[in-house]
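Colleague: For reference, the sequence and a predicted model appear below.
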Amino acid sequence: MPVFHRSLAAVMLAAAAMAACSGCVGQSDGAATAVKHLSTALTAGDGAAVCAILAPDTRLAVAESTGTSCPEAISDQGLTPPGAIRAVDVYGQWARVVTEHDTVFLAAFGAGWKVVAAGCRSRGERPYDCRVQAG
Amino acid sequence: MMRRLRDHSLGLVFGLLFLLALVGQAFAGHADFNARQLTEGLPPVSLGRYLTSASFAVDVAENWQSEYLQFFLFIMVTVWLVQKGSPESKPLDKAGGESDQEQHVGRYARDDSPAWAKASGWRLGVYSNSLGIVMGTIFLLAWLAQSVAGVAAYNEQQLSQLQDPVSWAAYLLEPDFWNRTLQNWQSELLAVASMAILSIYLRQRGSPESKPVGTAHDVTGVES
């Protein structure tokens, strides 16, 4: 059974390793920085600054939850400053930042990392229950 | 030049078709990836970003590993197993590694035999199994690549659903890994079994994968 094959396995493995770059320094730093900005804004009670860090769909969900604007509605969501960062996981366009008091999910946008969900509580195998998340 | 192209047309055409299919997969996969990005309220990614994503890598690797497994198994299993009437099988009485005389190695090597076929010891041992070793190694590397890219793609999906990521070791026990693996394996094994059986009764005139059209069904190990 004459079959002619060329090996590109090494290239494939390298590509897979590159694609699987979890917690890559630049990506992790960006996600962690976004969470630090969130913490600073929450500590200062600056609703506009908090909303500026949220992803568009999350910002919209916050506004729709009270029928007002996001900066006005954010204080009613029960978000507290997340505290010190303990772990950052980055996979492709998504990141999870585990902090002292919170778990925050972020996604990559052109302008950088934005918070998709915050104030999240683990429910085991089920998705996290979050105080703020996209609808 | 044309003579050289013709003499290597099988490898060249399949190599070209492979590249065209890979490029097609890249564009189709990119469009599909961005459709999901929009569904999740995220901006589309560039083609370059997609080509270095875990999503693209795992889709490529899961198919590669199964194809190389298919040929590795076929190469190795047909050393010992035979199929009466199939041109994919050796003659029924030739099962096994065969004698040095039949394999033209060692002192039975011919003038034009490869150098390592004329050698003895480990070099002859390695060269005698080199096709299986290389195909099997590529299979294992591609399967490893599937698992490495797969866990990243799986975790990307997990995070998008506000769920915890898993480790590489834990991913090897996840249904996602085995679903990707086995759905490819079953199709490859079906294709091999079909080829071995159908070629007993069916013919393709001029193809080395078929018996000559007029050859009897029960003749084994004869190719055009």
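Modeller: Nice, thanks for sending it over.
Colleague: Contact partners for the most centrally placed residue in chain A?
Modeller: Compute the mean C-alpha point of chain A, and by CA atoms, centre = their mean the closest residue is residue A:106, 1.1 Å away. Listed by CB atoms under 8 Å, 6 or more residues apart in numbering or on different chains, the contact set of residue A:106 reads A:31, A:34, A:35, A:55, A:94, A:95, A:96, A:97, A:113, A:114, A:115, A:116. Any C-beta I mention is one placed from the backbone N, CA and C, and that applies to glycine too.
Colleague: Give the burial count for residue B:182, as a bare number.
Modeller: Per other CB atoms under 10 Å in any protein chain shown, the neighbour tally for residue B:182 reads 12.
Colleague: So it, which state does it fall into?
Modeller: Put simply, residue B:182 is helix when judged by DSSP: H, G, I helix; E, B strand; the rest coil.
Colleague: Quick check: the gap between it and residue A:78.
Modeller: The spacing between residue B:182 and residue A:78, counted by CB to CB, to the nearest Å, is 45 Å.
Colleague: Over to residue B:175?
Modeller: For residue B:175, the distance to residue A:78 - CB to CB - is 36 Å.
Colleague: on that earlier part again, so which of the contacts of residue A:106 is the closest to chain B?
Modeller: residue A:94 (3.6 Å; CB to the nearest CB).
Colleague: Report the secondary structure element holding the closest residue to that closest one other than its chain neighbours.
Modeller: In space, and not counting its chain neighbours, residue A:94 is closest to residue B:159: 3.6 Å by CB to CB, 6 or more residues apart in numbering or on different chains. Element membership of residue B:159, judged by DSSP states H and E, is helix B:130-160.
Colleague: on contacts alone, who are the packing partners of that helix?
Modeller: helix A:9-19, strand A:85-91, strand A:94-99, helix B:54-80, helix B:168-171, helix B:175-201 (3 or more CB pairs under 8 Å, 6 or more residues apart in numbering or on different chains; DSSP states H and E).
Colleague: Looking at these, which one is packed in the most?
Modeller: Across the helices and strands packed on helix B:130-160, the average number of neighbours (mean count of other CB atoms under 10 Å in any protein chain shown) peaks for strand A:94-99, which reaches a mean of 24.
Colleague: which helices and strands does that strand pack with?
Modeller: Using 3+ CB pairs under 8 Å, 6+ apart, strand A:94-99 sits against helix A:25-44, strand A:85-91, strand A:103-109, helix B:130-160.
Colleague: Buried residues of the helix or strand that comes right after the third one, list them for me.
Modeller: So that's strand A:103-109. Per DSSP H and E, the first helix or strand lying C-terminal to strand A:103-109 is strand A:112-123. Using 16 or more other CB atoms under 10 Å in any protein chain shown as the test for burial, strand A:112-123 gives A:113, A:114, A:115, A:116, A:117, A:118, A:119, A:120.
Colleague: ok, the first one - contacts?
Modeller: The reference is to residue A:113. Here residue A:113 is in contact with A:30, A:31, A:33, A:34, A:95, A:106, A:107 (CB under 8 Å, 6+ apart).
Colleague: on that earlier part again, how about TSV for the contacts of residue A:106, with distance to residue B:74 added?
Modeller: Output for these, formatted as TSV (distance: CB to CB, whole Å):
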residue	distance to residue B:74
A:31	47
A:34	52
A:35	52
A:55	50
A:94	40
A:95	44
A:96	43
A:97	48
A:113	48
A:114	50
A:115	52
A:116	47
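Colleague: ok, so of the residues you listed, who is nearest residue B:128?
Modeller: The closest of the contacts of residue A:106 to residue B:128 turns out to be residue A:94 (CB to CB; 49.1 Å).
Colleague: where does chain A have low pLDDT?
Modeller: A:1-26 (pLDDT under 70).
Colleague: go with 80
Modeller: For chain A, the stretches with pLDDT under 80 are A:1-28, A:135.
Colleague: Repeat that for chain B.
Modeller: Residues of chain B meeting the criterion pLDDT under 80: B:222-224.
Colleague: Which residue of it lies farthest from its centroid?
Modeller: residue B:41 (37.8 Å).
Colleague: surely that one meets residue A:134?
Modeller: Yes. Contact criterion CB atoms under 8 Å: residue B:41 and residue A:134 qualify, at 6.0 Å.
Colleague: overlap in contacts of these two?
Modeller: Contact criterion CB under 8 Å, 6+ apart; residues shared by residue B:41 and residue A:134: A:55, A:57.
Colleague: Just the buried ones among the contacts of residue A:113, please.
Modeller: For the contacts of residue A:113, buried by 16+ other CB under 10 Å: A:30, A:31, A:34, A:95, A:106, A:107.
Colleague: returning to that earlier point: save the helices and strands packed on helix B:130-160 as JSON lines, and put in distance to residue B:211 too.
Modeller: What follows is the helices and strands packed on helix B:130-160, written out as JSON lines (distance: least, CB to CB, whole Å):
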{"stretch": "helix A:9-19", "distance to residue B:211": "34"}
{"stretch": "strand A:85-91", "distance to residue B:211": "52"}
{"stretch": "strand A:94-99", "distance to residue B:211": "55"}
{"stretch": "helix B:54-80", "distance to residue B:211": "16"}
{"stretch": "helix B:168-171", "distance to residue B:211": "45"}
{"stretch": "helix B:175-201", "distance to residue B:211": "7"}
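Colleague: To residue B:155, which of these lies closest?
Modeller: The minimum distance between residue B:155 and the helices and strands packed on helix B:130-160 falls on strand A:85-91, with 4.1 Å, by CB to CB.
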